[in-house]
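Engineer: Any chance you could fold what I've pasted below:
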Amino acid sequence: MRLNNSQIHAIKQTAQLLLGDDARVTLFGSRTNDALRGGDIDLLFETPRQLDDRVGVTGRLYATLIRCLGDRKIDVLLKDATTAEAPVMRAARETGVML
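Structural biologist: Coordinates of the predicted model:
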C-alpha cells in the first residue's frame with residue numbers, strides 16, 4: 001500500500017470527523033500495489049447512517065482531504081445507508097485495503 005502512516009491517519013480522521021466513528025474507509029486502485037508508481041488516491045467511504053446531503057458530504061470529504069494531503073488527485077466514493085450498491089463499490093471492497 002502506497003500511503004504513509006500520516007496519510008492514513010489523516011484519511012481516517014477525516015472519515016470520523018465527517019461521517020462518525022462507525023465510518024469505514026477502503027483504499028482501492030493502483031495505490032494498493034507497491035510495485036507501481038504514481039497514481040491517484042481512490043477511496044471508498046462507507047457509513048451505516050443515512051446522510052441528508054450525500055453530495056455535500058462528498059464535497060467536504062474531498063476538500064478536507066486536499067487540505068490534509070496536499071493538492072493531488074483524489075477520487076472519493078461515498079456509500080450511506082440509502083446508496084444503491086454499485087459495481088465499482090463492490091470491486092473496491094473486494095480488491096481494496098481497509099484503512
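Engineer: who does the residue nearest the centre of the chain bridge with?
Structural biologist: Centroid-nearest residue in the chain: residue 43, 2.8 Å away (criterion: CA atoms, centre = their mean). Residue 43 has these beta-bridge partners by DSSP bridges: residue 27, residue 76.
Engineer: In contact with it: list those residues for me.
Structural biologist: Residue 43 makes contact with 11, 25, 26, 27, 28, 65, 74, 75, 76, 77, according to CB atoms under 8 Å, 6 or more residues apart in numbering. (C-beta placed from N, C-alpha, C; glycine too.)
Engineer: so how far is stretch 50-57 off the chain centroid?
Structural biologist: What separates the centre of stretch 50-57 from the centre of its chain is 15 Å, taken as CA atoms, centre = their mean, to the nearest Å.
Engineer: Now do that stretch, average pLDDT.
Structural biologist: In this model, stretch 50-57 carries a mean pLDDT of 96.
Engineer: so how far is residue 2 from the residue lying farthest from the centre of the chain?
Structural biologist: With distances taken from the mean C-alpha point of the chain and given as CA atoms, centre = their mean, the most distant residue is residue 35, at 21.3 Å. The gap separating residue 35 from residue 2 is 10 Å, by CB to CB, to the nearest Å.
Engineer: Ok, residue 30 next?
Structural biologist: Taking CB to CB as the criterion, residue 30 is separated from residue 2 by 8 Å.
Engineer: repeat for residue 17
Structural biologist: Computed with CB to CB, the distance linking residue 17 and residue 2 is 24 Å.
Engineer: burial count for residue 44?
Structural biologist: Residues within reach of residue 44, counting by other CB atoms under 10 Å, total 23.
Engineer: isn't it right next to residue 97, touching?
Structural biologist: No: in this structure, residue 44 sits apart from residue 97 without contact. The criterion is CB atoms under 8 Å, and the distance is 10.6 Å.
Engineer: what do the two both touch?
Structural biologist: With CB under 8 Å, 6+ apart applied, the overlap between the contact sets of residue 44 and residue 97 consists of 26, 28.
Engineer: May I have the predicted confidence score for the residue nearest to the centre of the chain?
Structural biologist: 97.
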